[in-house]
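Student: quick one: sequence plus predicted model below, questions after.
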Amino acid sequence: MPSGAEESPSEVPGPSGPVVDPVVEHVACPLCGADRARPYRAAMYRIERVRFDLVRCPCGMVYVNPRPDGATLGRMYDDPDYYTEGYNLGVETENYFDRKDELLTLYDAAVAEIEAEVGLRGGELLELGSAGGFFIEAARRRGWSVRGIELSPPAAEYSRRELGLEVFEGLLEDAPFEPASFDVCLADNVLEHTQRPDRVLRDLRALLRPGGHLVVIVPSYVNSIWFRALLALQRWVPRRLLGEPLQRILKLDPRADERGDERGGGYPYHILEFDRATLTRLLGEAGFEIRAVEASVPLPAHLFKNASPTLRERLLKGVFTALDRAMRLGLVPGARLRVLARRPRD
């Protein structure tokens with residue numbers, strides 16, 4: 001497809017019903033700016049009849065190209081299924097909002113980890129992509145002064161209505177926060193949704209006080225040897241052993257293979273796919289110092305929350321547990337990355 005944008009006869013859901021003809025645009029690499037990417041995974045995503053491919057730049061960045069334009073991307077987050085499927089790639093089986101108590105407990109531990117890393121117990125904390133506000137609520141309960149930024153109107157409204165949190169609904173670039181006003185910023189599963197991750201990171205750096213810290217968490221499975229190996233070997237992968245939930249998580253669509261076509265697997269919520277090299281390069285170019293990088297793998301809920309697992313599920317659970325330990329030890333590449341970075345002191 002040539003550079004620029006063109007209309008495509010499809011529909012994407014909006015708050016008042018279907019919206020016709022989203023714009024599709026050709027883009028260069030969001031990391032290095034080159035336009036030399038090669039095909040990586042055809043028809044990875046779709047919106048109605050329109051397919052979206054993943055491509056890979058020689059610099060290592062994987063991204064959707066051509067991609068939906070900004071307005072179409074924004075409307076996707078009004079989809080009521082997003083907080084069941086889209087926000088977690090199907091790893092969780094429950095709606096995000098129904099997990100409130102569980103998430104508050106998990107995030108209490110996550111905030112405690114950040115406190116130990118940055119040497120603070122309280123301060124000013126901002127979360128970009130704060131969803132329903134459970135992380136910043138956990139931080140507030142530990143004594144932090146917290147604020148959030150959230151693009152999804154239902155999520156932002158929930159966090160204000162149910163938790164009484166200060167959450168700006170909109171884009172980071174429009175948020176009314178003063179420069180150098182935060183001790184810690186968090187972007188958890190956010191960068192992969194953004195059109196200009198370089199600008200997002202520079203804006204977050206500007207909001208941090210000198211010496212302040214940024215925590216970035218991104219999925220990295222799709223831009224990893226694990227995904228590439230599965231693509232190469234998928235005809236020999238024992239699908240019955242994996243089961244359908246895990247096939248969806250691993251981006252293997254058995255129905256598409258059986259029909260002989262690749263129709264894609266849902267909306268292109270993730271338009272960028274990072275690995276360790278591309279993420280740390282991006283952070284460095286945005287002016288951050290890298291303090292720590294940790295790899296891990298998301299643990300599928302249908303395996304780890306099942307009170308009566310089958311033998312097959314126990315076996316798969318053991319595989320995921322072993323992989324997670326190996327990733328955290330740095331022995332193998334991760335399927336998820338967590339980076340602690342710092343704005344240098346002026």
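Tutor: Great, that's in hand. Residues are numbered from 1 along each chain as shown.

Student: would you map the helices across this structure?
Tutor: 70-76, 100-118, 134-141, 153-163, 197-207, 225-233, 239-242, 244-249, 254-259, 276-285, 301-304, 311-328 (DSSP state H).

Student: so which of those is the most surrounded?
Tutor: Highest mean neighbour count among the helices of the chain (mean count of other Cβ atoms under 10 Å): helix 134-141, with a mean of 22. For every residue, glycine as well, the C-beta is placed using N, CA and C.

Student: and Asp53, what is it in contact with?
Tutor: 39-44, 64-66 (Cβ atoms under 8 Å, 6 or more residues apart in numbering).

Student: so which of the residues you listed is the closest to Ser308?
Tutor: Ser308 lies nearest to Met44 out of the contacts of Asp53, by Cβ to Cβ, at 34.1 Å.

Student: my read is that that closest one contacts Val64, right?
Tutor: Yes. Counting by Cβ atoms under 8 Å, Met44 does reach Val64; the two are 7.3 Å apart.

Student: so what sits against both of the two?
Tutor: In contact with both Met44 and Val64: 52-54, 268, using Cβ under 8 Å, 6+ apart.

Student: of the residues you listed, which belong to strands?
Tutor: 52-54 (DSSP state E).

Student: ok, back up a step: are any of the contacts of Asp53 buried, and if so which?
Tutor: Neighbour counting with 16 or more other Cβ atoms under 10 Å marks 40-41, 43-44, 64-66 as buried within those.

Student: for Ile136, which non-adjacent residue is closest in space?
Tutor: Val146 (4.0 Å; Cβ to Cβ, 6 or more residues apart in numbering).

Student: so that neighbour is in contact with Ala139, correct?
Tutor: Yes. Using Cβ under 8 Å, Val146 is in contact with Ala139, at 5.1 Å.

Student: list residues touching both of the two?
Tutor: The contact lists of Val146 and Ala139 share Leu125, where a contact means Cβ under 8 Å, 6+ apart.

Student: only alpha carbons, please: show stretch 204-219 as CSV.
Tutor: Taking Å, rounded to 0.1, in the frame of the first residue of the first chain, the C-alpha atoms of stretch 204-219 are listed here in CSV:
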residue,chain,number,x,y,z
LEU,A,204,6.8,11.2,30.7
ARG,A,205,10.4,12.2,31.2
ALA,A,206,9.3,15.9,31.3
LEU,A,207,6.7,15.1,34.0
LEU,A,208,9.3,13.4,36.2
ARG,A,209,11.4,15.3,38.7
PRO,A,210,15.2,15.0,38.1
GLY,A,211,16.1,11.6,39.6
GLY,A,212,12.5,10.4,39.2
HIS,A,213,11.8,6.9,38.0
LEU,A,214,9.7,5.4,35.2
VAL,A,215,8.4,1.8,35.2
VAL,A,216,7.5,0.4,31.8
ILE,A,217,5.9,-3.0,31.2
VAL,A,218,5.3,-4.3,27.7
PRO,A,219,4.4,-7.7,26.2
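
Student: so what's the spatially most central residue of the chain closest to, chain neighbours aside?
Tutor: Centroid check for the chain by Cα atoms, centre = their mean gives Asn189 as the closest residue, at 3.1 Å. Counting by Cβ to Cβ, 6+ apart, Asn189 lies nearest to Ile217, which is 5.9 Å off, once chain neighbours are set aside.

Student: mind listing the residues bridging to that neighbour?
Tutor: Asp188, Arg338 (DSSP bridges).

Student: next, the contact list for it, please.
Tutor: Ile217 touches 187-189, 336-339, counting by Cβ under 8 Å, 6+ apart.

Student: which one of these is nearest Ser152?
Tutor: Looking across the contacts of Ile217 and measuring by Cβ to Cβ, the closest to Ser152 is Asn189, at 13.0 Å.

Student: so how far is Ile47 from that closest one?
Tutor: Asn189 sits 21 Å away from Ile47, going by Cβ to Cβ, to the nearest Å.

Student: for Thr278, same thing?
Tutor: Counting by Cβ to Cβ - Thr278 and Ile47 are separated by 26 Å.

Student: quick one on the thing from earlier: so can I have TSV of the contacts of Ile217 showing distance to Asp174?
Tutor: Formatted as TSV, these follow (distance: Cβ to Cβ, whole Å):
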residue	distance to Asp174
Ala187	16
Asp188	20
Asn189	21
Arg336	29
Leu337	28
Arg338	27
Val339	25
